[in-house]
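Q: the sequence and its predicted three-dimensional model are supplied below.
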Amino acid sequence: EEGFQLSDNKQGRQKLKELIRGWQQEGLEELYCGVESTGGYENNWYAYLKANFKDSAVYVCRINPKGVKSIGEASLKRTITDAVSAENIAAYMIGFPDKLDYGIYREAANIAFKEGRQHATCIRMHQKQKVQLSNQLEKLLYQYFGEVLVYCRHGMPVWLLSMLVKYPTAAMTIKAGAGKLAVFKGVSRAKADAIISKAKNNIQDVSPQIAHMIQVTAREILHKEELIKDEKEYLATLHADTEEVVLLQTIPGLGLSSAVTVVLEIEDISRFETVKKLAAFFGVHPTFKQSGDEIWGNHMSKKGRGEIRAVLYMASLSAIRYNPILKQVYAKARAKGMKHYPAMGVVMHKFLRIIYGILTNKTVFNPETDELNQKRSTEKQQEKELQDKTENKIIKQKKHRFQEVSTD
């Protein structure tokens with residue numbers, strides 16, 4: 001079939017439907033459609049094909065763009081056109097059918113998850129903007145009011161931002177006096193006196209323009225913080241009654257907001273045949289790298305979606321204090337000599353395994369279930385080792401060298 005282009009509108013989709021019906025009338029038995037994930041631009045075509053051809057032999061899947069790009073690089077293509085890109089997609093679909101998911105499309109559920117993820121993405125955008133504004137304000141303060149940065153070791157407190165909205169310079173702070181500063185929530189009289197004392201050491205001559213920039217930036221950061229808080233609460237209330245969210249909240253350390261994010265990112269647990277595939281999807285699984293005589297060891301791959309890793313990390317920080325299973329996992333990892341962050345990677349992986357078990361079995365969190373699973377795993381491992389010894393099939397690692405390592 002010659003290459004063709006269609007507009008992403010009603011007329012374009014109707015034309016595609018006519019083309020597919022025509023091919024089927026000519027004797028086409030099966031049609032496999034692959035749409036490359038492009039940040040949401042593929043959603044209209046994907047949903048249309050899934051919804052309108054679910055009763056015929058038309059199978060639709062989303063494709064990871066990394067695989068398609070690798071196909072193009074492996075074939076040494078020097079030019080990229082729409083026709084070449086379509087050929088790369090087709091080559092990937094033919095060469096790696098086991099990497100594709102032609103699962104059943106549940107329109108109502110998919111729309112709910114799609115909208116939820118879009119909302120979560122919008123919240124993350126506001127969070128990034130807040131970080132950018134905070135960095136900008138920190139630079140301004142470093143140049144013109146550096147004395148207050150001593151209070152910003154762990155981020156900018158709300159009381160400081162509120163103070164800068166009203167008194168953005170050292171001169172204005174001194175003029176206001178300790179009495180007016182102590183009005184702000186979080187500022188005691190002693191702290192107000194200390195701020196005034198520090199401000200008197202400032203020798204900068206700040207222009208009205210710079211003062212205005214500090215005011216506007218501080219005000220916008222406060223607005224972003226309030227907006228992010230409200231949006232998180234609104235998103236949580238929309239999905240609070242979902243069965244999966246209710247089940248996940250039974251895990252000590254996982255709150256409502258984190259549970260909602262996890263459910264939105266996973267979407268449907270049946271998509272993942274094993275927990276290893278779920279861990280790989282979010283990049284929590286360990287990777288091992290070895291080349292020649294050099295070994296880089298095991299590290300978290302971090303190749304999947306980073307959003308859920310951030311949620312898992314924050315939830316794990318709470319879980320190692322209140323969750324008996326994860327607390328023990330963290331302690332064992334540290335006892336083996338792991339530092340904090342590698343140990344937290346182990347905890348995150350275990351956390352995801354617990355989530356997978358709860359969502360798959362539709363049961364609440366139960367520490368005894370994990371203990372029983374560990375016992376079964378240990379017994380199975382012992383049986384396997386005994387069988388290997390009996391049959392004398394102990395696998396030994398072989399070196400792929402036929403000569404001693406030269407030191408010359």
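A: Ah, there it is.
Q: switch to C-alpha atoms for all contacts and neighbour counts from now on
A: OK.
Q: pull out the buried residues from stretch 20-34.
A: When burial is assessed from 16 or more other Cα atoms under 10 Å, stretch 20-34 yields the following buried residues: Gln24, Cys33, Gly34.
Q: an error on my part: the question was meant for stretch 130-150.
A: Burial within stretch 130-150, assessed by neighbour count using 16+ other Cα under 10 Å, is assigned to 130, 133-134, 136-138, 140-141, 144-148.
Q: so how far is it from its chain's centroid?
A: For stretch 130-150, the distance from its own C-alpha centre to the chain's C-alpha centre is 28 Å (Cα atoms, centre = their mean, to the nearest Å).
Q: also stretch 252-262?
A: With Cα atoms, centre = their mean as the basis, the distance from the averaged C-alpha position of stretch 252-262 to the chain average is 14 Å.
Q: pLDDT on it, on average?
A: Across stretch 252-262, the average pLDDT comes to 91.
Q: can you tell me what sits against it?
A: 120, 232-233, 236, 239-240, 245, 248-249, 308, 311, 315-319, 322-323 (Cα atoms under 8 Å, 6 or more residues apart in numbering).
Q: give the buried subset of those residues as a ChimeraX selection command.
A: A single ChimeraX command selects the buried members of the contacts of stretch 252-262 (16+ other Cα under 10 Å):
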select :120,232,236,239,240,245,248,249,308,311,315,316,317,318,319,323
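Q: so of the contacts of stretch 252-262, which ones are in helices?
A: Of the positions in those, 120, 232-233, 236, 239, 245, 248, 308, 311, 315-319, 322 sit in helices, assigned by DSSP state H.
Q: from those, which shows the smallest pLDDT?
A: For the ones in helices among the contacts of stretch 252-262, the least confidently modelled position is Ile308, at 81, judged by pLDDT.
Q: strands of this structure, start to end?
A: Under the criterion DSSP state E, the chain contains strands at 31-36, 58-63, 286-291, 294-300.
Q: Lys99 is nearest to which of these?
A: Taking Cα to Cα, strand 58-63 is the member of the strands of the chain nearest to Lys99, at 8.4 Å.
Q: output the contacting helices and strands for the closest one.
A: Here strand 58-63 touches strand 31-36, helix 43-52, going by 3 or more Cα pairs under 8 Å, 6 or more residues apart in numbering; DSSP states H and E.
Q: one more time with 6 Å, if that's ok
A: Strand 58-63 sits against strand 31-36, with contacts defined as 3 or more Cα pairs under 6 Å, 6 or more residues apart in numbering; DSSP states H and E.
Q: could you spell out the sheet neighbours of the strand it packs on, each with its direction?
A: Pairing partners of strand 31-36, with direction, according to DSSP bridges: strand 58-63 (parallel).
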